[in-house]
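Asks: Sequence first, predicted model second:
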Amino acid sequence: MRFLVTGVAGFMGGHVAEGLAQAGHEVVGLDDLSGGFKENVPAGVEFFEVDLRDAARTEAVVRDHPPEVVCHLAANAREGASQFQPRDVCGRNLMAYANVLVPAIRSGMMKKVVVYSSMAVYGDQEPPFDETMPRRPVDVYGVNKTAMEEMTEILADVHEFMYTIIRPHNVFGERQSLRDPFRNVVGIFMNRIMRGEPLYVYGDGEQKRAFSYIGDSLPAFLRAVELRPDLDRQIVNVGGEEPVTINALLKMVAADFDATPEVIHLPDRPREVKNAYCTAEKSVKLLAYEESFGLEKGIRLMAEWARSQGPQPWREEALELPSDKAPYIWMNDDRDTTASDTPPEP
């Protein structure tokens, strides 16, 4: 089959595209390289550098390469920062998705969409979150993911295509950007340790999350693309089964670097959910999800890869809405402003 993978130069998109290509599928990948790296695009994938906010350019590429299955992973996934980057988050989530979906439907070739959503759609409900819970987002990112899910359901009903909505959570592993100061706490901790910088923890650090090593989640992601009737119109959480506190996570990461970093606690971020983790039963049943690696081994494997990359310069980016409610470390107060923003050579 022919697959279209958006966000193909990103961490998860690159892994998904690689798995599809290795299975013998034809894969076309789109990415604007705003958050990913071209070296993440796997061999055998036909790559187009496209900003999905550009409707005309996106439509032209999709029209010329009509997919049978769309795997939509492109996103600005900075949930905590979305209150300070609303235009960018809306443009790179909801509007980018609409710009892909419209020409894919028009082509008449598309059979299925796999939407990579987020557990941010659950908002501040009592965990563990399960798929029967209502969508109650509390931040701009979650609102976008909620709208993407609902738009998929509506258009699939009207235009008659299959869909599976995946809600991954806190996926980490090799090839993840170490340079983004706004998201991916495992990578942030690793890069700060390698740079000899303090580790920042929001609040008391006792908030709970479940983390998912890419080697555990990827097999489930690849099963989700199948044209199986039991997967059609399904929403499935995919991710770690056991929640941990951020304090415990920090200790695991530091141990794999044999480091005792300084830890600085900052105020809670606005509208951040205290405890957020999901049930896994549905992913086990439908996608045969299992944790072959687990959290500690996954961190160890990512740490080995991170050390091979070495310390990375932080990506500099101004907030659309600077505010004293934003963490001061997002305001470029303590970052290396002389560092190049050019990704290192692979």
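Replies: Happy to help now that I have it.
Asks: Please look at residue 185 and residue 249 and confirm they touch.
Replies: Yes - in this structure, residue 185 is within contact of residue 249 by C-beta atoms under 8 Å, at 7.0 Å. (C-beta placed from N, C-alpha, C; glycine too.)
Asks: residues in contact with residue 254?
Replies: Residue 254 sits next to 189, 193, 199, 260-261 when contact means C-beta atoms under 8 Å, 6 or more residues apart in numbering.
Asks: Let's see which of those end up in helices.
Replies: 189, 193 (DSSP state H).
Asks: tell me which of the contacts of residue 254 is nearest to residue 307?
Replies: Among the contacts of residue 254, residue 193 lies closest to residue 307 (C-beta to C-beta), at 9.9 Å.
Asks: quick one on the thing from earlier: looking at the contacts of residue 254, which has the most residues close by?
Replies: The most neighbours of any of the contacts of residue 254, using other C-beta atoms under 10 Å, belong to residue 189, which has 26 neighbours.
Asks: Specify the helix with the largest residue count in this structure.
Replies: Per DSSP H, the chain has its longest helix at helix 140-159.
Asks: Could you pull up the mean pLDDT of that one?
Replies: For helix 140-159, mean pLDDT is 98.
Asks: What is the end-to-end distance of stretch 41-49?
Replies: 11 Å (C-alpha to C-alpha, to the nearest Å).
Asks: Next: stretch 196-203.
Replies: Span of stretch 196-203 from end to end, C-alpha to C-alpha: 22 Å.
Asks: all strands of the stretch 51-200 of the chain, in order?
Replies: Ranges of strands in the stretch 51-200 of the chain, per DSSP state E, counting those that start in this stretch, are 69-72, 112-116, 162-169, 171-172, 199-202.
Asks: Show the backbone phi and psi for residue 19.
Replies: When read as degrees, to the nearest 10, the backbone of residue 19 gives phi -60, psi -40.
Asks: Give me the neighbour count for it.
Replies: The number of residues packed near residue 19 is 17, by other C-beta under 10 Å.
Asks: Kindly report the same for the one 3 residues further on.
Replies: Look at residue 22: counted by other C-beta under 10 Å, it has 13 neighbours.
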